[in-house]
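Sequence first, then the predicted structure:
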Amino acid sequence: KAGVTQTPRYLIKTRGQQVTLSCSPISGHRSVSWYQQTPGQGLQFLFEYFSETQRNKGNFPGRFSGRQFSNSRSEMNVSTLELGDSALYLCASSVGDYTGELFFGEGSRLTVL
Amino acid sequence: DQQVKQNSPSLSVQEGRISILNCDYTNSMFDYFLWYKKYPAEGPTFLISISSIKDKNEDGRFTVFLNKSAKHLSLHIVPSQPGDSAVYFCAASAKGGSEKLVFGKGTKLTVNP
């Protein structure tokens, strides 16, 4: 069974640009969550999508957005990048039964210069 | 405000001995707790969970204990093995479970042969 796949794995952007990250969940999983990991703040919840609807949202500014497609694949977008957005962005999928048992991808490491 | 705290950034134990990782939380609304393990260059992997209606959950070498009055949980690994060397994250969710997890900052466990 294929795991959660995130692309791209690494990317470098400059301030003010925007970025789109992609996540393919485990087959059959309908929930996709996104987390930001930084050395200072640790793992922080961004948002969760279930059956193409945002079901939960963390405390991030509106520059962070996401969406989910009918095949459960998800994308997240960050606009007007700031230096502080440099982080590892982790996608996690689950069946969506509220157990919190998430299957994480390896992450997309974003560096903002 | 850090709602889930892992006060020990690192822990070193000898192979075969017990590893005890601790976690404290402040939010009384949390009612489901999980432990994740993370190896370098990989996403976190779900390890074990416990609901607030229980005070102990066991899975092989791993046992999680929950003390609701103290808002404290711990993960015991017995016996510890070198392959257990990883960063361990404590996480919590509210409302009977959710994919919206609040993570601690992690404890790096090193098991020495």
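It's in.

Which strand residues bridge the spatially most central residue of chain A?
Taking CA atoms, centre = their mean, the centroid of chain A lies closest to A:Trp34, which sits 3.2 Å from it. When bridges are called by DSSP bridges, A:Trp34 pairs up with A:Phe47, A:Cys91.

from what I can see it touches A:Tyr89, true?
Yes. With contacts counted by CB atoms under 8 Å, A:Trp34 reaches A:Tyr89, the gap being 6.5 Å. Where you see a C-beta, it was placed from the backbone N, CA and C, and this is true even at glycine.

what is in contact with these two at once?
Residues within reach of A:Trp34 and of A:Tyr89 at once, by CB atoms under 8 Å, 6 or more residues apart in numbering or on different chains, are A:46, A:76.

if we can go back for a sec, wait, what's in contact with the residue nearest to the centre of chain A?
With CB under 8 Å, 6+ apart, A:Trp34 has these contacts: A:23, A:45-48, A:66, A:74, A:76, A:89-92.

can we see that at 10 Å?
A:6, A:21, A:23, A:44-49, A:58, A:60, A:64, A:66, A:74-76, A:89-92, A:108 (CB atoms under 10 Å, 6 or more residues apart in numbering or on different chains).

Show me these that map onto strands.
Judged by DSSP state E, the contacts of A:Trp34 include A:6, A:21, A:23, A:44-49, A:64, A:66, A:74-76, A:89-92, A:108 as members of strands.

Give me the buried entries from those residues.
A:6, A:21, A:23, A:44-49, A:64, A:66, A:74-76, A:89-92, A:108 (16 or more other CB atoms under 10 Å in any protein chain shown).

Low-confidence bits of chain A, can you list those?
In the predicted model, chain A carries pLDDT under 70 at residues A:1.

Just give the closest residue to the residue of chain B found nearest chain A, not the sequence neighbours.
Nearest to chain A in chain B, going by CB to the nearest CB, is B:Gly43, at a distance of 3.0 Å. Distances taken as CB to CB, 6 or more residues apart in numbering or on different chains put A:Phe104 closest to B:Gly43, at 3.0 Å, once the chain neighbours are dropped.

Identify the bridge partners of that neighbour.
Assigned bridge partners for A:Phe104, using DSSP bridges, are A:Ala92.

Does it touch B:Tyr36 like I think?
Yes. The pair A:Phe104 / B:Tyr36 is scored as a contact, 8.0 Å apart, by CB atoms under 10 Å.

which neighbours do these two share?
Contacts common to A:Phe104 and B:Tyr36, judged by CB under 10 Å, 6+ apart, are A:43, A:92, B:43-46.

which of those residues count as buried?
The neighbour count (16+ other CB under 10 Å) marks A:43, A:92, B:43-44, B:46 as buried among these.

circling back: quick check: the residue of chain B closest to chain A is in a helix.
No. Using DSSP: H, G, I helix; E, B strand; the rest coil, the secondary structure at B:Gly43 is coil, not a helix.

and it, how far is that from A:Gly66?
Look at B:Gly43 and A:Gly66: by CB to CB, to the nearest Å, they are 17 Å apart.

so which residue of chain A comes closest to chain B?
A:Phe104 (3.0 Å).

which residues touch B:Leu21?
B:Leu21 neighbours (CB under 10 Å, 6+ apart): B:6, B:8, B:11, B:35, B:64, B:73-77, B:88-90, B:104, B:106-109.

Is it within a helix or a strand, and which one?
Assigned by DSSP states H and E, B:Leu21 belongs to strand B:19-25.
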